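Asks: build the 3D model from these lines:
(2 chains)
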Amino acid sequence: MAAVKLYGPLASTATSRALACLLEKQVEYQLIPVDLKKREQKKPGFLAMQPFGQVPVLQDGALTLFESRAIVRYIAEKYAAQGTIGLLGKSLAERAVIEQWMEVESQTYNPPSSFLVFQLAFAPLWGIPQNQTEIAKNEKKFSNVLDVYEKRLSESKYLAGDEFSIADLSHLPNTEYIVKATGKAELITSRKYVNAWWENISSRDSWKKIREMSKADSKK
Amino acid sequence: MAMIKVHGHHLSTATRLVLCCLEEKQVDYELAFVDLSAGDHKQPQYLALNPFGVVPSIQDGDLTLFESRAVIKYLATKYRGQGTELLGNNVSEQALVDQWCEVEGQSFNPPASTILFQTFVVPIKGGRTDEAVVKMNVEKVVKVLDIYEERLSKSKYLAGDFFSLADLQHLPCTEYLINGCGKGDVISSRKHVKAWWKDISSRPVEESH
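Replies: The predicted structure is shown next:
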C-alpha cells in the first residue's frame, strides 16, 4: 500500500498533532514540508487541497483530508487494528468521553495556549510586537483551565480514563511549546497531576521521535 | 429505557445544537433548565456534571457528557439506524463530515459567536456592543463563507451530497446571525450558501423550534 502523504512543516502544532497519530498507529507516511515563510500554503497548488490555506493536509489514496483533529480521528479509525490499540476506547461510552476531551482541547485548551505560544515563542522571532495585556489575560484563562485538568487528572490517569487516547495525544504539540519555548513551563510543572500526565505522554515513543525529527530539522 | 436528560438553556446555541440532533435522531429527551442569569452553571451541582461550568451537559443512564460537538457525535453514533443518518456511509465520508465539523468549530464558530456575544450578551451585562469588534468578526465570517460558497457550488452539503453533523453544527449560530444580529446578507448574498441555508433551515425538525 502506498504511504500516506502528510503536507506540513513539523514545527506547526497542527502538523505534529497529525504526525503523532501516524506514528502511534505505525502508518507508513511521507512528510512533505510546506514553507510557511514563503507562503506556500496560500499558493493555488496548495489551496486546491486545502481552501483555507492552512497546514496540514493528508492524502490517503483517493481521500484528501484537512483539519488535524479530523486527520487524527480518521487515522485512528482506519488503522484501528495496528500500532497502539485503544486510542478510540473500547466501547461507545469510552469513545464518547474521549470525544468530549478532544473537544475540550479544541475549544478550551487550544485557544489560550496557542495564543501564549504565538506571543511568547514566535512573535519575538518574527519581530512582531507582543501584547502584554492579552498575554496576561490568556495566562489567567489557561491557568483556570489547567486547574480543572489538575482535578481531573488526580482522579484519572489519562484524560478520558485509564488508557492513553487521541484526547491526550491532541494536547502534545501545544504543551510541548508551552513547556519548552514560552518561559511559562511552570504552568504545567507546578501542577502535580498535570505534570505527571505531561511527563508520561511526552515520553511515548511517538513523541520522542517527533522531538528527534525537530532537533534534526533545526540543525539544517 | 430512561430518557436522555439535557441540562442547558433553550436560548444557548450549544444547547440548541444538542436538541436539534436529538430531534433529527428521533430520540426522547427531557430538558432540565439551567438558569444562566442566576449563575446556576457555576454552582457545585452543575459543576459536578461539567467542571468547566458551561452548558449543555447530558445524562444518558450512567454516562454524563459535555461539549455539544462531542454529544452530537455520540448521539449520531449510538442511534445509527434511526432518524436521519448524520455520519455519512463509510470511513472516508465520516472523515469528511468530521473535517467540516472541525471547520465549523475552528473557523466559523469563533467569529460568529463573538458577533452573537457582542449583540446579545454584552448589553444584558450592562455594556455596549462594540461595533468595531462586530465589524472585524463579520469580515472573518465572510472570508469563511466565501470558501463555503466555492465548496457548496460543487457539493450539495458540506461533507458531500448528504446532510450531516457538519451542516447541523452551523444551524444554531447562523440562525441568530440572521434573526437577531441582522447579518442575513452574508448568507443571502452568496448564491450557493443561500440555497444551502434555505435547505438546512427548512428541515421539519428545524422548523419546529
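Asks: can you give me the distance of residue B:135 to residue B:113?
Replies: Distance of residue B:135 to residue B:113, computed by Cβ to Cβ, to the nearest Å: 16 Å. (Each C-beta comes from the backbone N, C-alpha and C, glycine too.)
Asks: which one's more surrounded, these two?
Replies: Comparing residue B:135 with residue B:113 by other Cβ atoms under 10 Å in any protein chain shown, the one with more neighbours is residue B:113, at 18 against 10.
Asks: so where does that one fall, helix or strand?
Replies: Per DSSP states H and E: residue B:113 is located in helix B:109-116.
Asks: and the contacts of the helix or strand following that helix?
Replies: Counting by DSSP H and E, the element after helix B:109-116 in chain order, helix or strand, is helix B:122-124. The contact list for helix B:122-124, computed with Cβ atoms under 8 Å, 6 or more residues apart in numbering or on different chains, reads B:37, B:128-130.
Asks: turn those into TSV, including distance to residue B:82.
Replies: Formatted as TSV, the contacts of helix B:122-124 follow (distance: Cβ to Cβ, whole Å):
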residue	distance to residue B:82
B:37	36
B:128	47
B:129	43
B:130	45
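Asks: what number of residues lie near residue B:61?
Replies: Neighbours around residue B:61, by other Cβ under 10 Å: 10.
Asks: would you confirm that it contacts residue B:2?
Replies: Yes - with contact defined as Cβ atoms under 8 Å, residue B:61 reaches residue B:2; the gap is 6.1 Å.
Asks: find residues that contact each of the two.
Replies: Common neighbours of residue B:61 and residue B:2 (Cβ under 8 Å, 6+ apart) do not exist.
Asks: who in chain A is up against chain B?
Replies: Contacts of chain A with chain B, taken as Cβ under 8 Å from any Cβ of the partner chain, map to A:51-52, A:62-63, A:65-67, A:69-70, A:73-74, A:77-78, A:92-93, A:95-97, A:99-100, A:102-104, A:106-108, A:111, A:145, A:148, A:151-152.
Asks: restricted to helices, list these.
Replies: A:69-70, A:73-74, A:77-78, A:92-93, A:95-97, A:99-100, A:102-104, A:111, A:145, A:148, A:151-152 (DSSP state H).
Asks: now a ChimeraX select for only the buried ones of those.
Replies: A single ChimeraX command selects the buried members of those (16 or more other Cβ atoms under 10 Å in any protein chain shown):
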select /A:69,70,73,74,77,78,93,95,96,97,99,100,102,103,104,111,145,148,152
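Asks: do a quick rundown of the strands in chain A.
Replies: For chain A, the strands defined by DSSP state E occupy A:4-7, A:29-32, A:57-60, A:63-66.
Asks: now for the last one, which elements pack on it?
Replies: Right, the one you point to is strand A:63-66. When contacts are defined as 3 or more Cβ pairs under 8 Å, 6 or more residues apart in numbering or on different chains; DSSP states H and E, strand A:63-66 packs onto strand A:57-60, helix A:68-78, helix B:91-103.
Asks: got the phi/psi numbers for residue A:157?
Replies: Torsion angles at residue A:157 (phi, psi; degrees, to the nearest 10) stand at phi -60, psi -40.
Asks: neighbours of it, how many?
Replies: When neighbours are counted by other Cβ under 10 Å, residue A:157 registers 15.
Asks: nice, that's everything, thank you.
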